[in-house]
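**Student:** pasting the structure only:
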């Protein structure tokens, strides 16, 4: 899955990538130009990432 990070900063993108990797069945393979390349073991995991909740939460950390 290729996911566009909501956070414009590199730190926010790394936080998102690390949070995704901590989720069982997913691993962030690459972060480049605000896009994360993620491997998911199941289509359900991929759909949850595309839903964007993790992305929104990681971006919110920088706003607070």
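**Tutor:** That came in fine, so what should we check first? In this text the structure is predicted, and so the values were computed from the model without any measurement.
**Student:** contact partners of the longest helix anywhere in the chain?
**Tutor:** Longest helix in the chain, counting residues (DSSP state H): helix 10-22. Applying Cβ atoms under 8 Å, 6 or more residues apart in numbering, the external contacts of helix 10-22 come out as 3, 5-7, 26-28, 31, 34, 36, 38, 49, 54-55, 57-59, 61-62. C-beta: built from backbone N, CA, C; applies to glycine.
**Student:** got the buried residues for the helix or strand of the chain with the lowest mean pLDDT?
**Tutor:** Ranked by mean pLDDT, DSSP states H and E, the helix or strand of the chain with the weakest confidence is helix 53-63, at a mean of 90. In terms of neighbour count (16 or more other Cβ atoms under 10 Å), helix 53-63 has its buried residues at 54, 55, 58, 59.
**Student:** does the third one touch residue 8 like I think?
**Tutor:** The one in question is residue 58. No: Residue 58 sits out of contact with residue 8 when judged by Cβ atoms under 8 Å, with a separation of 11.9 Å.
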